[in-house]
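In: Quick one: sequence plus predicted model below, questions after.
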Amino acid sequence: MKLIILDRDGVINEDSDSFIKTPDEWIALPGSLEAIARLTKAGYKVVVATNQSGLGRGYFDIMTLNAIHQKMQAAVKAAGGMIEAIFFCPHTASDNCDCRKPRQGMFSSISERYETKLDEVPSVGDSLRDLQAAFLAGCTPILVLSGKGKQTLENGGLPPKTVIFDNLAAVADHLLTREVKTVEARDKTSQETS
């Protein structure tokens, strides 16, 4: 199974220091919906893992969060893609939960849901905590420079083997080009042995 894990704010949609509190504030980043569509068509199961402490802080309620996610799902579907599942942590940092990134609780839940190890599964985020959680879970941490990504890169301290791309579209380009090269190499090898 091909799986990819995406953070939400700053990767799929515009980020905001004052939180995305309504569906109207959810605005897709250029190329992100098309990138998800391309990944979906290539057989990837696209899963979102997102900290949503605005819920715990009382900035919005679960009905509003569901409405934001319905808007995101509809936009992805309209572009020809699909998000298989959305995992979110509603807690604040002071709650000291296991699911809030940089801890790997959401990743463990994803692993259980899909009955698969997350070794080298690409996991895309724009913040250090996204990358740390991915690394702890055994994923390949991918930093995008959209959202808070440039600031994250400047601050340094990235986990080992972090890969850096401009945005989600560039991540999709890389993953899908790599797949084509692997298939071509496999085809060439089978031709040489036959």
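Out: Perfect, I can see it now. Residues are numbered from 1 along each chain as shown.

In: Just checking, which helix or strand succeeds the helix or strand where Ala133 lies along the chain?
Out: Assessed by DSSP states H and E, Ala133 sits inside helix 128-136. For helix 128-136, the following helix or strand on the C-terminal side (DSSP H and E) is strand 140-144.

In: OK, contacts around Ala49?
Out: Neighbour list for Ala49: 5-7, 87-88, 101, 106-107, 110, 123, 133 [criterion: CB atoms under 8 Å, 6 or more residues apart in numbering]. From N, CA and C alone the C-beta is placed, and that goes for glycine too.

In: From the residues you listed, pick the one nearest Val46.
Out: Nearest to Val46 among the contacts of Ala49 is Leu6, at 6.5 Å by CB to CB.

In: do you know how far the closest one is from Asn66?
Out: In this view, Leu6 and Asn66 are 18 Å apart by CB to CB, to the nearest Å.

In: still on that earlier bit, which secondary structure elements does the helix holding Ala133 sit against?
Out: Under the contact definition 3 or more CB pairs under 8 Å, 6 or more residues apart in numbering; DSSP states H and E, helix 128-136 sits against helix 105-113, strand 122-125, strand 140-144, helix 149-155.

In: closest one to Ala74 among these?
Out: strand 122-125 (21.1 Å).

In: any idea how far Val48 is from the closest residue to Leu55 other than its chain neighbours?
Out: Excluding its sequence neighbours, the residue lying closest to Leu55 (CB to CB, 6 or more residues apart in numbering) is Pro90, at 3.9 Å. Distance, Pro90 to Val48, by CB to CB: 14 Å.

In: Among the two, which residue is more densely surrounded?
Out: Neighbour count, other CB atoms under 10 Å: between Pro90 and Val48, Val48 has more, with 24 against 17.

In: quick one: that one from Asp7, how far?
Out: 7 Å.

In: This protein: helices as residue ranges?
Out: In the chain, the helices defined using DSSP state H lie at 32-41, 53-56, 62-78, 105-113, 128-136, 149-155, 168-193.

In: could you point out where this structure is predicted with low confidence?
Out: The model of the chain has pLDDT under 70 over residues 180-194.

In: related to what we said a few turns ago, identify the residues contacting the residue nearest to Leu55.
Out: Pro90 sits next to 52-53, 55-56, 62 when contact means CB under 8 Å, 6+ apart.

In: change it to 10 Å
Out: For Pro90, the contact set (CB atoms under 10 Å, 6 or more residues apart in numbering) comprises 51-57, 62, 65, 97, 99-100.

In: Considering these, which possesses the most neighbours?
Out: For those, the largest neighbour count, defined by other CB under 10 Å, is 25 neighbours, found at Asn51.

In: That one bridge partners, please.
Out: Beta bridges link Asn51 to Cys89, judged by DSSP bridges.

In: quick one, what contacts it?
Out: Counting by CB under 10 Å, 6+ apart, Asn51 touches 7-9, 88-93, 99-102, 106, 127, 129-130, 133.
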